[in-house]
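Enquirer: got a sequence here, can you build the structure:
(one chain, ligands or ions: 1)
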Amino acid sequence: MKLSNNDNKQYKHLTLDNGLRVLLVNDPSSEKSASSLAINIGHFDDPIDRQGMAHFIEHMLFLGTEQYPNRGEFAQTISQFGGNSNAWTGTEHTCYFFDVRADKFADVLPRFADFFISPLFEESALFDERNAIDSEFNLKVKDDNRRIIQVHKETVNPAHPFTKFSVGNHDTLGDHSGSIRKEVIDFYNTHYQAQWMTLVLAGPQSLQELTQLAQSSFSKVSGSAKSKPPIAVPMYREQDLGLLLHIKPRKHLQKLIVSFAMPDIADLYRYKSLSFLAHLLGYEGDGSLYAILKKNGWINALSAGGGVNGSNFKDFNISFALTDTGIEYYEDIVEMLFEYICLIKDKKSSLPSLYQDKKRLLELAFDNQEVNKLIDWVSSVSVNMHHYDDDNVLYGDYCMEGFNDDLHEQLLGYLSPHNMRLIMIHPSATHESETINKIAQWYNTPYQVERISPDWLRALSNIQAALPEMLLPNVNPYLAHDNKLYEIESTAQVPTQLKDKPGFEFWFKQDATFRVTKGHFYLELDSEISITDHKAMALTRLFADLFMDSVAEQFYSAELAGLSYHLTSHQGGLTLHTAGLSSCQLKLASQLVEALQKQPISATRFAEYKKQLIRHWKNHNKNKPVSELFSILGAKLMPWNPTPEALAKALKNVCFNEFNTFRSTFFNSIHAKAFLHGNWQNKHAKAVQQQLLCNFASSEILEDLKKPLSTIKEPSVEFYTKENSEHAFVQYIQAPSHNVDDKIKIMAFNQLISQHYFEQLRTQRQLGYLVGAGYAPFNTRAGIAFYIQSPKFTSAELLEHHNNFIAEFVEHIDQLEQTQWEDVKSGLKSQIAEKDKNLRLRSQRFWVAIGNDDHAFSMQEQLLFSLQSLTFQQLKEFIIDVTAPDFPSITLQMN
Ligand SMILES: [Zn+2]
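Expert: Residues are numbered from 1 along each chain as shown. Model prediction:
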């Protein structure tokens with residue numbers, strides 16, 4: 001099997017007698033073990049009169065088996081042993097996975113295996129779980145993605161299984177004839193066969209031990225030699241192509257999707273011909289389709305290559321995020337797309353070298369993979385086992401065997417006007433006389449279907465040449481560097497500060513743990529000017545968006561070279577973050593810092609982004625009273641963090657000239673913090689520091705701008721009203737002080753109460769869907785927030801339920817058992833002590849510490865120490881204190 005350079009795991013493939021294909025993975029560094037089972041059965045297999053069946057089965061398998069009949073037992077066992085479990089149902093596959101403390105793996109695995117041997121499908125569980133599915137469906141009804149896919153399903157060949165309703169609800173899964181249990185069992189027996197399953201077992205256990213576990217647990221899964229019948233009908237008939245769909249979304253979305261129909265090409269994954277084509281069309285540098293359309297003011301974003309796919313179909317989509325003007329010019333956008341396709345045809349001779357670039361990048365990515373959670377990893381591997389040959393199970397996503405001329409030609413052939421569908425998604429999808437107005441089933445999406453005029457299709461087919469300004473990508477300048485690991489220079493465990501120029505901190509750490517040729521660079525710039533008033537705070541955010549937009553073309557090749565960069569706003573200023581391959585990253589970082597001060601920003605982009613940002617802020621909390629109350633709470637506690645509404649108001653009358661003045665004065669006086677972490681040595685860090693000092697030589701250097709925090713002095717209640725909205729309340733209790741002991745007490749309080757709170761007020765009382773208690777720090781001061789949102793009860797009623805719950809909790813607090821305290825303590829301990837899995841997470845942790853002036857990087861140890869010495873009695877007293885009615889708190893209600 002092809003492995004990455006930094007992969008120290010051992011692997012073994014195995015096929016059990018029943019046909020189940022297994023991959024065993026010995027990972028000596030892991031504290032957990034994990035398993036995932038993927039089966040080649042999905043909603044495409046649903047009986048036509050029982051849509052949602054595969055999904056229903058997925059839910060049911062967790063709810064009791066012959067050996068382990070109790071309904072909640074699996075979830076309980078897993079969480080007791082520090083694990084998680086989940087599952088999903090897709091079109092043609094369903095996947096089940098869990099992880100658990102390694103020493104409990106052998107206890108839990110047979111419980112998991114029994115899902116696939118003897119599930120009970122108990123009558124009462126079937127009944128309850130149908131309700132759960134129905135609620136899941138009711139939530140998804142509001143999801144624009146689902147709403148749009150339903151329109152897709154209704155406009156393709158009705159005989160294709162894609163058209164089926166995947167989630168299911170009361171209707172499709174109802175027990176009309178009293179036979180649902182039998183139908184469920186029949187479906188399970190027919191489809192849950194070992195030869196269609198793949199299984200991954202991973203953990204610190206030896207391969208021999210894992211082999212035994214696989215055999216003893218999974219040999220009883222029934223299997224046969226039967227093979228999976230292929231899908232016999234095409235997704236699109238002649239009449240399903242050449243259509244123009246107008247779809248009206250719920251949220252504000254303006255999008256054009258140009259979709260080309262293709263057969264399934266997954267078998268040809270070794271060449272990545274289609275992703276290479278997507279790479280060319282999605283290019284964003286100079287002369288790209290993206291750059292030209294953006295310059296015309298028609299689009300804000302472009303992406304190529306997405307689209308649904310399955311075992312006999314693949315949609316190849318190019319999708320454009322449209323501006324208001326772009327909606328009017330959609331036909332011109334499509335024409336330019338075909339002109340750009342001509343360019344790809346004309347410049348064929350330059351493609352193999354561009355292919356090599358991309359290949360080199362994927363090889364680098366494969367050899368420098370970062371470790372993810374084991375549970376996520378096993379589930380993706382189990383699915384890959386269905387798509388890739390055994391040797392390529394890990395390498396399949398990265399493999400580019402060579403530029404395949406024939407395949408490239410064949411795929412280009414599909415990018416023709418007659419093989420196309422156009423999908424326009426926009427809020428004002430209007431009713432025109434010649435169109436048919438429809439409402440999609442299940443999701444109630446309004447849409448229209450038109451046939452694209454044959455004249456226009458003919459005109460598009462006649463496009464023979466690219467526009468003169470159109471260009472293909474260049475060979476990537478960021479790939480010119482050698483990517484090697486530097487020798488370790490120092491054994492320091494935490495970052496060190498290079499040179500203490502007041503107001504200009506520079507921290508550095510060479511990574512000695514993960515040893516990948518990658519790194520992270522952070523630069524935080526606080527500016528006095530950005531906190532003057534709400535307008536300045538809004539302008540800071542606009543600056544971040546406009547900057548990202550203005551450098552997109554210039555740095556697109558850096559993104560292709562595995563680098564990423566972001567400029568974001570924070571209270572008091574801007575943060576630049578770059579990440580990715582270390583060899584060329586410092587060049588990028590220095591170019592970005594320079595651009596920050598000099599990059600031209602145009603008046604048209606200013607107008608576009610100002611409009612978008614105001615729209616975003618206004619819609620931000622739409623129909624979400626709990627989020628709105630949290631915004632209000634945040635603004636009350638953090639004066640430099642106004643509500644979206646306040647920001648929208650402040651930005652409304654700003655003109656371009658004002659923005660330019662703001663930008664040019666932003667750097668006049670600043671406070672800077674920087675952090676470099678990864679595959680670099682001291683000399684690199686020194687050079688970056690010198691460069692930064694040069695960049696900001698003319699800025700006045702400020703003392704640290706401390707982000708202000710309001711302390712709550714007394715209990716207060718505020719009321720808000722909102723028309724046509726659900727009701728909600730948020731109650732916030734702030735830790736009595738900044739110190740670590742109070743922080744750990746709040747965390748322990750949250751750990752002790754949140755599960756009960758949810759269980760009581762949501763599951764049992766059914767007060768609403770959004771119910772919770774959560775640890776909520778603001779500007780490093782700890783706190784706990786309680787919230788409920790409900791369509792039925794007023795905020796006063798909700799608050800009464802809440803108060804009763806708290807009163808009862810406190811009244812019985814002395815009856816809480818020592819074992820519960822032990823659970824809280826060990827749960828919290830493992831949360832705090834969790835080791836950083838990869839370079840990214842470690843960088844993040846160090847950077848947060850630098851931001852909080854925790855220069856000893858010791859918050860983790862301090863919290864653990866404080867937790868260790870906390871007694872149950874102290875915690876109880878603390879809880880009684882902070883929940884007393886006269887303790888300072890903020891309560892916000894909305895009706
Ligand atoms: Zn589900």
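Enquirer: residue ranges of the helices in the stretch 301-450 of the chain, please?
Expert: 324-328, 330-346, 351-367, 374-387, 405-414 (DSSP state H, counting those that start in this stretch).
Enquirer: which stretches in the stretch 651-800 of the chain count as strands?
Expert: Shown for the stretch 651-800 of the chain, the strands assigned by DSSP state E, counting those that start in this stretch span residues 669-678, 700-701, 716-720, 727-734, 770-775, 783-790.
Enquirer: which stretch in those has the least confidence?
Expert: Per-segment mean pLDDT for the strands of the stretch 651-800 of the chain reaches its minimum on strand 700-701, at a mean of 85.
Enquirer: strands paired with that one, and their directions?
Expert: strand 669-678 (parallel) (DSSP bridges).
Enquirer: show me the shaky parts of the stretch 301-450 of the chain.
Expert: 429-436 (pLDDT under 70).
Enquirer: typo on my end, it should be the chain
Expert: 429-436, 480-481, 500-503.
Enquirer: if we can go back for a sec, looking at the helices of the stretch 301-450 of the chain, which is nearest to Ile149?
Expert: Of all those, it is helix 374-387 that lies closest to Ile149, at 20.1 Å by Cβ to Cβ. (Glycine included, C-beta is placed from N, CA and C.)
Enquirer: secondary structure class for Tyr96?
Expert: strand (DSSP: H, G, I helix; E, B strand; the rest coil).
Enquirer: so what's Thr891 bridging to?
Expert: Val717, Gln731.
Enquirer: quick revisit: can I get the helices of the stretch 301-450 of the chain in TSV with distance to Pro791?
Expert: Listed next are those as TSV, based on distance: least, Cβ to Cβ, whole Å:
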stretch	distance to Pro791
helix 324-328	34
helix 330-346	38
helix 351-367	46
helix 374-387	34
helix 405-414	47
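Enquirer: tell me the contacts of Phe659?
Expert: Contacts for Phe659 (Cβ atoms under 8 Å, 6 or more residues apart in numbering) come out as Leu539, Leu542, Phe543, Ile601, Phe606.
Enquirer: let's see 10 Å
Expert: For Phe659, the contact set (Cβ atoms under 10 Å, 6 or more residues apart in numbering) comprises Leu539, Leu542, Phe543, Leu546, Ile601, Ala603, Phe606, Tyr609, Lys610, Leu651.
Enquirer: closest to Gln815 out of these?
Expert: Of the contacts of Phe659, the one sitting nearest to Gln815 (Cβ to Cβ) turns out to be Leu651, at 53.9 Å.
Enquirer: the closest one: neighbouring residues, count only.
Expert: Neighbour count of Leu651, defined by other Cβ atoms under 10 Å: 21.
Enquirer: would you check that it makes contact with Phe543?
Expert: No - counting by Cβ atoms under 10 Å, Leu651 stays clear of Phe543, with 11.5 Å between them.
Enquirer: and Thr163, how far is that from Glu238?
Expert: According to Cβ to Cβ, to the nearest Å, Thr163 stands 17 Å off from Glu238.
Enquirer: compare these two (neighbour count), which wins?
Expert: Shown here are Thr163 and Glu238; by other Cβ under 10 Å, Thr163 has more neighbours (18 against 8).
Enquirer: can you get me a residue count around Lys825?
Expert: Counted with other Cβ under 10 Å, Lys825 comes out at 18.
Enquirer: and Met894, by the same measure?
Expert: Applying other Cβ under 10 Å, we find 22 residues neighbouring Met894.
Enquirer: contacts only, for it.
Expert: 625-626, 628-629, 632, 718-722, 725-730, 789, 794-795.
Enquirer: from these, which would you call buried?
Expert: Neighbour-count burial (16 or more other Cβ atoms under 10 Å) is assigned, among those, to 625-626, 628-629, 632, 725-730, 789, 795.
Enquirer: and of these, the nearest to Glu658?
Expert: Closest to Glu658, out of all of those and judged by Cβ to Cβ, is Ile632, at 27.3 Å.
Enquirer: wait, doesn't the closest one sit right on Glu645?
Expert: Yes - the criterion here is Cβ under 10 Å, and Ile632 meets it with Glu645 at 9.1 Å.
Enquirer: okay, and the common contacts of the two?
Expert: With Cβ under 10 Å, 6+ apart applied, the overlap between the contact sets of Ile632 and Glu645 consists of Asn621.
Enquirer: make JSON lines out of the buried ones among the contacts of Met894 and add distance to Ile423.
Expert: Formatted as JSON lines, the buried ones among the contacts of Met894 follow (distance: Cβ to Cβ, whole Å):
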{"residue": "Pro625", "distance to Ile423": "33"}
{"residue": "Val626", "distance to Ile423": "33"}
{"residue": "Glu628", "distance to Ile423": "32"}
{"residue": "Leu629", "distance to Ile423": "37"}
{"residue": "Ile632", "distance to Ile423": "38"}
{"residue": "Ser725", "distance to Ile423": "32"}
{"residue": "Glu726", "distance to Ile423": "32"}
{"residue": "His727", "distance to Ile423": "37"}
{"residue": "Ala728", "distance to Ile423": "36"}
{"residue": "Phe729", "distance to Ile423": "41"}
{"residue": "Val730", "distance to Ile423": "39"}
{"residue": "Gln789", "distance to Ile423": "33"}
{"residue": "Ser795", "distance to Ile423": "41"}
